[in-house]
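Asks: Mind folding the following:
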Amino acid sequence: MRIDIRKEQLRTLEQAAHSFPGGAAPSTIWRWHRRGVRGVRLETVVIGGKRFTSVEALERFAEASTAAREPASLDTAPPERDEATQGKLRAVGLL
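Replies: Model (predicted):
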């Protein structure tokens with residue numbers, strides 16, 4: 001997928017680096033764009049000579065690179081959860 005500059009929230013690579021919990025170096029974001037991780041590359045666009053990514057592209061990158069890391073056996077249905085766990089997940093908006 002490509003970044004849609006009309007719909008996505010653009011960030012400079014430096015802004016993207018600082019948006020991570022604990023922070024990341026801008027060079028890390030650049031490396032994710034140039035070389036990727038496990039065959040997954042971060043999408044970027046160039047506007048006026050400056051390179052941008054987007055919040056949505058970072059989300060797609062995180063999902064795809066995580067999926068590439070996980071063994072295929074984990075792609076099966078999630079384990080059954082008891083009612084207490086489901087209640088906690090509902091309370092925080094995850095279900």
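Asks: I'd like to know how many residues surround Glu56.
Replies: Neighbour count of Glu56, defined by other Cβ atoms under 10 Å: 16. Where C-beta positions appear, they are placed from N, C-alpha and C, glycine not excepted.
Asks: pull the CA atoms of the longest strand anywhere in the chain into PDB?
Replies: As assigned by DSSP state E, the longest strand anywhere in the chain is strand 50-54. The C-alpha atoms that make up strand 50-54 are tabulated as PDB, following Å, rounded to 0.1, in the frame of the first residue of the first chain:
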ATOM      1  CA  LYS A  50      11.800  16.300   2.500                       C
ATOM      2  CA  ARG A  51      11.000  12.700   3.300                       C
ATOM      3  CA  PHE A  52       7.800  11.900   5.300                       C
ATOM      4  CA  THR A  53       6.100   8.800   6.500                       C
ATOM      5  CA  SER A  54       2.700   8.600   8.200                       C
END
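Asks: Partner strands of it, with direction?
Replies: Partner strands and pairing direction for strand 50-54 (DSSP bridges) are strand 10-12 (antiparallel), strand 45-47 (antiparallel).
Asks: Show me what Arg47 bridges to in the sheet.
Replies: Quick fix: residue 47 reads Ile, not Arg. Going by DSSP bridges, Ile47 forms beta bridges with Lys50.
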